[in-house]
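Undergrad: how would this look folded up:
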Amino acid sequence: MSRSPAALPAVRTIGSTPSWGTAAAEGLLETLLDQERPFPCTFAVAAAKKQSLRFGFVDSPHDESTWAPLADILREYLDVYRQLGKDTSLVVLFRPDDEPRTLDEYFHRFWAVLQYLHDGDTEPWPESTPLDPEDLWWEFSYGGTEIFVVCNTPAHTTRHSRHNPGFMITFQPRWVFEGLEADTPRGAKARQVIRNRIRRFDGMEPAVELGNHGEDGNREWRQYFLPDSAEGSTPACPFLARAGARTAAAGAAKAASPDETWSVLINDEGQFSLWSATVPVPDHWRETGISGDRSACLAQVAHAWTDMRPATSRRRSLEPV
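TA: Residues are numbered from 1 along each chain as shown. Below is the predicted model:
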């Protein structure tokens, strides 16, 4: 059942909105909030309800001369995403094509866009993130931030969860997955729920490419752009790390020290996050009094935040584990 525009959450944008933009964003919101046909990604649904999604618009995936606004949109989002809560993503919508395109065309356009962003990135690639896409721990990064990326296209006609009337790229900072690791109760529950919803939404088994970050056999890049059928094969990754990718631009911050102290923060929704103790606490977050190295803080988060959508009344206290 589609909603009237008045019943949809507001479309919150970064950058200018073209004439086709609002309708395209509202179409996606309708899909995410459809109660009769629940969208698989529960985090995207929650973000739509909370209005913590941000939308950006680019003219054409096929014309690189129109891509300049994308870098500005992504940089602005990375400046504010932690203030939006854990249920957040940046959705970049491209003007719908006038003529049909093939899945292979969109595949190469998608990686051309990521390569364009990487080649123009003025911040160093994170020291802890491998440069080789075949490494288990690789993730696309921009502005010094690891980002999980998802592409939806008009050519995805069978795998409905990856379909969109126009070419679309979603940028999800890896920060939102803190406390959702596969070996945590909340992470395991989230994966189970999402996979079951994929089966119902797509009418097929989840893609074999879907896996867990850092797990043997997993390649993050394969999850970014899924084939349209169970038999589809994903070609080799086209991404190439530029020479000097780890070199900071003039004035860029140095990589974090392994001895850096981290603090566990909490927001009003009972969501936890890690934050460097050397950086001011962002808006809408407060300190819990727990601090230490990164792995110790993550252990505290996994212990305290076990439910899939924790309410304040259901949280465990933050105590040593």
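Undergrad: and Y142, what is it in contact with?
TA: Applying CB atoms under 8 Å, 6 or more residues apart in numbering to Y142 gives the contacts L74, L78, L117, H118, D121, E123, F171. Heads up, the C-betas are built off the backbone N, CA and C, glycines and all.
Undergrad: same thing with L78?
TA: L78 neighbours (CB under 8 Å, 6+ apart): Y142, G143, T145, P173.
Undergrad: relative to S161, how far out is it?
TA: According to CB to CB, to the nearest Å, L78 stands 25 Å off from S161.
Undergrad: pull up the pairing partners for the host helix or strand of R286, direction included.
TA: For R286, the enclosing helix or strand under DSSP states H and E is strand 285-292. Here strand 285-292 is paired, per DSSP bridges, with strand 262-267 (antiparallel).
Undergrad: burial count for the spatially closest residue to G144 that is not a sequence neighbour?
TA: With sequence-adjacent residues excluded and distances taken as CB to CB, 6 or more residues apart in numbering, G144 is closest to E123, at 4.3 Å. Residues near E123, counting by other CB atoms under 10 Å, number 17.
Undergrad: and for R75?
TA: Applying other CB under 10 Å, we find 17 residues neighbouring R75.
Undergrad: help me confirm that it is found in a helix?
TA: Yes. Using DSSP: H, G, I helix; E, B strand; the rest coil, the assignment for R75 is a helix.
Undergrad: and it, how far from P173?
TA: Using CB to CB, one gets 13 Å for the distance from R75 to P173.
Undergrad: for the residue nearest in space to the middle of the chain, phi and psi?
TA: In the chain, the centroid-proximal residue (CA atoms, centre = their mean) is Q172; its distance is 1.5 Å. Per-residue torsions, Q172: phi -130, psi 110 (degrees, to the nearest 10).
Undergrad: can you list contacts of stretch 228-238?
TA: 103, 107-108, 111-112, 115, 133-134, 155-159, 162, 204-205, 207-209, 219, 221-222, 225-227.
Undergrad: if anything else comes up later, I'll come back, but that's it for now.
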